[in-house]
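> Here is a sequence with its predicted model. Questions after.
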Amino acid sequence: MTIRVKTGDGERLLPNQPGRLLSEILYAHGLGLNQRCGGEGNCGGCAVVLEHGAFTVGTQHVSVTAQAGRQVPACRTRADTDGCVIALPQRSRYEAGGRIESDFVLPPFVLDTQVLRVVVSVPAASLVDHRSDLERMLDTVRTQCCCAQLQLTLAQTRAMARMMGAGTGKMTATLAATDGRWHLIALHEGEHAAVLHGLAIDIGTTTVAAVLVDLGTGAVVQKAARYNQQVSIAADVASRISAAKSDLDLERLRKTLVRDTINPIVDDLCHAQGIPHGDICRVSIAGNTVMVHLLLGLPVTNIGRVPFNPVLRDAGVLSAGQIGITVNRQAPVHIAPAIAGYIGGDITADIHATGLQSGPDRSLLVDLGTNCEMVLRLGERLVCCATPAGPAFEGGGMLQGCRATEGAIKRISIGADLQFTIRTIGGVAPHGICGSAVIDFIAEGRRCGLLNAAGRMDIAMLQRHQRHAQVEQGRRLVHACVIVAQDPDAQQGRVVITEADIAEILQAKAAVFAGIESLLGSCGLVSGQLARIVLAGGFARHIDVGNAQAIGLLPRLPIERVEKIGNAALAGAILVLVDARAAPAMRELHVVPQVVELNLLPEFEGNFINALYLPEPQREYLLAVAP
């Protein structure tokens, strides 16, 4: 039995095993889907169009023809007959690469990488010197570097023995220090003058970004990023926890992160710079608590239930070989310590990189992502919390939502008569909508009267301007606004935003705003008393702050009091590589913040319900557009 699969690249004929889910068949042949809900069948991310044949969708048997195609979730659908035909929309496929922003602001630092490369000449054995080859080599290195505690692994001892046995007395030792103790990272015959590099990684739920750093100068020499390939299994933190039920599931998630995401990034970086993997001799990682646990193959079940307790907060210093990262196996790997189960080492890195602890009083750091964390500096205190925003900001849960890949609509403005001006990533024809564009649409739609406070559309206005459509979403018909009309001549498909899409964003923005209000309230503050808001994260860097305030995602402060800093977690990871003070500072820092559990605050629920509605447009805007 076979299934014919239509994609934007052509058609493929895949073998079909009766009873096997379409999502499993597609994944097995390199066509992974956006299963944001972990394959539970309720997110719509893995939608496919049935064009011909007999299928079982859940428990319902359906028969379709090309004239009556049907959109269904692949994770709930099986093909029952030979020769079935399905179409796979581009937006349903998860991306391995794509354009992923990894901009960051790196603060000043004192260059001290704690990495040395020394050329040593080991004296030959003699009848009056009874030291072994190993002892003579170690004593020579210790004399030159004052590394009293230096030791070799068995593999390094074997390499040294081969060199000494070949009559080589001169060799190059590469050393790295962790917690004041020096370790031999590599041993090369003769003089080895290659540049040493460090690798900084930010492991996000959606994306993994990394940079290659020249440890001689502290300069960032190369950037690379990929989507976290775990999105092919589950999209957000909660669904990853659900997907890691068994040891087998946990190992699958670990391999998907290390083998399919991080190591290909390392390959890209090394290829771009023309260096061997072994010349990367130090690694620094920042990530949320769940991602770090999955990286290390540690169970995450307890993080998903009260009291949200992780296996560990500080993993200490490991080696690349222990984790499976394809750099020098002996390279020390520093993992930023977490603050709590839902406030991870990425936030510790954020705080350090932004200088929040020593910055202006009443500063609020907000890291916008699928899990939104916020930290308030109040006097000498740091108070923090986390709120689950979900994947909507990354396009999750929306009919044509997508991540920031080429062809995604990233900006929308609305003119007279509901004329839309859009901008896409890469300037090409649109195939979906980013979260930043939906924020623009909601803000503009509220201002022009298209949307009411509940996010409902004015259907008469849409119909009057030929912008109305009804589409199937979540097994029901919903109203939609046509942003881009279908154009068969230009091979351009229709792009719409639905009322259900808006509801997804309202849920996410309500969680963030209620988190901010509740955190401030627990400290006796209101948003107007904030000295500044620091927005961290790749998504935050690309939103229009005015529109984010207009929809009630952020408090309405003067724009000059809102600062966007990009990927602060990655900046913090870089600092660990280049400034020896950073790692111990983070180890001290991660136990400082006081964690506020929002679900224990009685006002959070009320704040969340209030934040589900859209604020009234600002009066100055209404006056500006009044006829």
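Thanks, I have the structure now. Numbering: from 1, shown residues only.
> next helix or strand past the longest helix seen in the chain?
The longest helix of the chain (DSSP state H) is helix 499-522. Later in the chain than helix 499-522, the nearest helix or strand by DSSP states H and E is strand 532-536.
> ok so, going back, elements contacting the longest helix of the chain?
On a contact count with 3 or more C-beta pairs under 8 Å, 6 or more residues apart in numbering; DSSP states H and E, helix 499-522 meets strand 363-367, strand 371-378, strand 381-388, helix 435-447, strand 476-484, helix 602-611. Yep, even glycine has a C-beta here, placed from its N, CA and C like the rest.
> residue ranges of the strands in the stretch 151-300 of the chain, please?
170-178, 181-189, 197-203, 207-214, 220-227, 280-287 (DSSP state E, counting those that start in this stretch).
> Out of the ones you listed, flag the one nearest Leu26.
With C-beta to C-beta as the criterion, Leu26 lies closest to strand 220-227 of the strands of the stretch 151-300 of the chain, at 16.8 Å.
> avg pLDDT for the closest one?
If you average the pLDDT over strand 220-227, you get 92.
> Name every strand pairing with it and say which way it goes.
If you go by DSSP bridges, strand 220-227 pairs up with strand 207-214 (antiparallel).
> my read: Gly32 touches Gln230, true?
No. Gly32 lies out of contact with Gln230 (C-beta atoms under 8 Å); the separation is 10.6 Å.
> Quick check on these two: which one has the bigger neighbour count.
Between Gly32 and Gln230, Gln230 has the larger neighbour count (other C-beta atoms under 10 Å), namely 27 against 22.
> tell me the contacts of the more buried one?
Shown in contact with Gln230 (C-beta atoms under 8 Å, 6 or more residues apart in numbering): 205, 240, 253, 256-257, 261, 294.
> and the longest helix of the chain with strand 363-367, angle?
150 degrees (axes from the mean of the first three to the mean of the last three C-alpha atoms, to 10 degrees).
> For helix 499-522, which residues meet the burial criterion?
In terms of neighbour count (16 or more other C-beta atoms under 10 Å), helix 499-522 has its buried residues at 499-520, 522.
> Same question for stretch 263-276.
Buried residues in stretch 263-276, defined by neighbour count with 16+ other C-beta under 10 Å: 263-266, 268-270, 275.
> Give me the distance between the spatially closest residue to Leu451 that is not a sequence neighbour and Ala54.
In this structure, Leu451 finds its nearest non-sequential neighbour in Gly445, 4.1 Å apart by C-beta to C-beta, 6 or more residues apart in numbering. Between Gly445 and Ala54 the distance is 42 Å, computed by C-beta to C-beta, to the nearest Å.
> between these two, which one's more packed in?
Gly445 (24 against 16).
> Which residues are in contact with the more buried one?
With C-beta under 8 Å, 6+ apart, Gly445 has these contacts: 414, 451, 457, 481.
> Quick check: bridge partners of the third one?
In this structure, Met457 bridges to Leu451 when assessed by DSSP bridges.
> where along the stretch 1-150 of the chain do the strands fall?
So, for the stretch 1-150 of the chain - with DSSP E, counting those that start in this stretch - the strands run 2-7, 10-15, 47-57, 60-64, 70-73, 77-79, 84-87, 115-121.
> Give me the residues contacting stretch 512-525.
Residues outside stretch 512-525 that contact it (C-beta under 8 Å, 6+ apart): 362, 364, 366, 368, 372, 374, 376, 378, 383-387, 389, 526-527, 529-530, 552-555, 596, 598, 601, 603-604, 607-608, 610-611.
> Retrieve the pLDDT associated with Leu150.
pLDDT recorded at Leu150 is 77.
> ok, Val368 touching Ala536?
Careful, residue 368 is Leu and not Val. Yes. Applying C-beta under 8 Å as the test, Leu368 and Ala536 come out as touching, 7.4 Å apart.
> Quick check on those two: which one has the bigger neighbour count.
Shown here are Leu368 and Ala536; by other C-beta under 10 Å, Ala536 has more neighbours (33 against 25).
> Report the beta-bridge partners for that one.
Under DSSP bridges, the beta-bridge partners of Ala536 are Asp367, Gly566.
> how near is it to Leu212?
Ala536 is 22 Å from Leu212, where distance means C-beta to C-beta.
> go on, Ile442?
If you go by C-beta to C-beta, the gap between Ile442 and Leu212 works out to 39 Å.
> next one: Gly58
Separation of Gly58 from Leu212 (C-beta to C-beta): 47 Å.
> Same question for Gly165.
Distance from Gly165 to Leu212, counting by C-beta to C-beta: 35 Å.
> cool, and Asp279?
To Leu212, Asp279 is 10 Å away according to C-beta to C-beta.
> who has more neighbours, the two?
Comparing Asp279 with Leu212 by other C-beta under 10 Å, the one with more neighbours is Leu212, at 25 against 20.
> pLDDT wise, what is Asn599 at?
Looking at Asn599, its pLDDT reads 89.
> can you confirm it is in a strand?
No. Per DSSP: H, G, I helix; E, B strand; the rest coil, Asn599 lies outside any strand segment and is helix.
> Can you give me the neighbour number for it?
For Asn599, the neighbour count with other C-beta under 10 Å is 10.
> Quick one: residues contacting it.
Taking C-beta under 8 Å, 6+ apart as the criterion, Asn599 is in contact with no other residue.
> try it again with 10 Å
Applying C-beta atoms under 10 Å, 6 or more residues apart in numbering to Asn599 gives the contacts 306, 308, 385, 387, 605.
> Now for the second one, how many residues are close by?
Think Phe308. Neighbour tally, Phe308, other C-beta under 10 Å: 17.
> and it, which of the three is it?
Secondary structure of Phe308, per three-state DSSP, is coil.
> Surely Thr206 and Phe393 touch.
Yes. Between Thr206 and Phe393 there is a contact at 9.3 Å, judged by C-beta atoms under 10 Å.
> Which residues are in contact with each of the two?
In terms of C-beta under 10 Å, 6+ apart, Thr206 and Phe393 are both contacted by the residues 369-370, 539.
> Flag whichever of these scores worst on pLDDT.
Thr370 (80).
> Look up how far Glu603 lies from Leu356.
Distance, Leu356 to Glu603, using C-beta to C-beta: 25 Å.
> quick one: low-confidence parts of this structure?
35-44, 66-68, 94-102, 146, 148, 487-492, 619-627 (pLDDT under 70).
> switch to 50 and redo it
Scanning the chain for pLDDT under 50 picks out 98, 620-627.
> Quick one: residues contacting Ala176.
Going by C-beta under 10 Å, 6+ apart, Ala176 touches 113-116, 182-186, 196, 198, 215, 281-282, 317, 328, 330-332.
> Touching, Arg411 and Gly435? I think so.
No. Using C-beta under 10 Å, Arg411 makes no contact with Gly435, being 11.8 Å away.
> higher neighbour count, these two?
Shown here are Arg411 and Gly435; by other C-beta under 10 Å, Gly435 has more neighbours (28 against 18).
> who's in contact with the more buried one?
Going by C-beta under 10 Å, 6+ apart, Gly435 touches 368, 389, 391-396, 398, 401-404, 408, 410, 504-505, 508, 539, 542-543.
> how near is it to Gln463?
Distance, Gly435 to Gln463, by C-beta to C-beta: 27 Å.
> cool, and His277?
In this structure, His277 and Gln463 are 60 Å apart, going by C-beta to C-beta.
> Those two: who's more crowded?
More neighbours surround His277 than the other of His277 and Gln463, with 19 against 10 (other C-beta under 10 Å).
> Could you check how far that one is from Gln400?
Per C-beta to C-beta, His277 is found 39 Å from Gln400.
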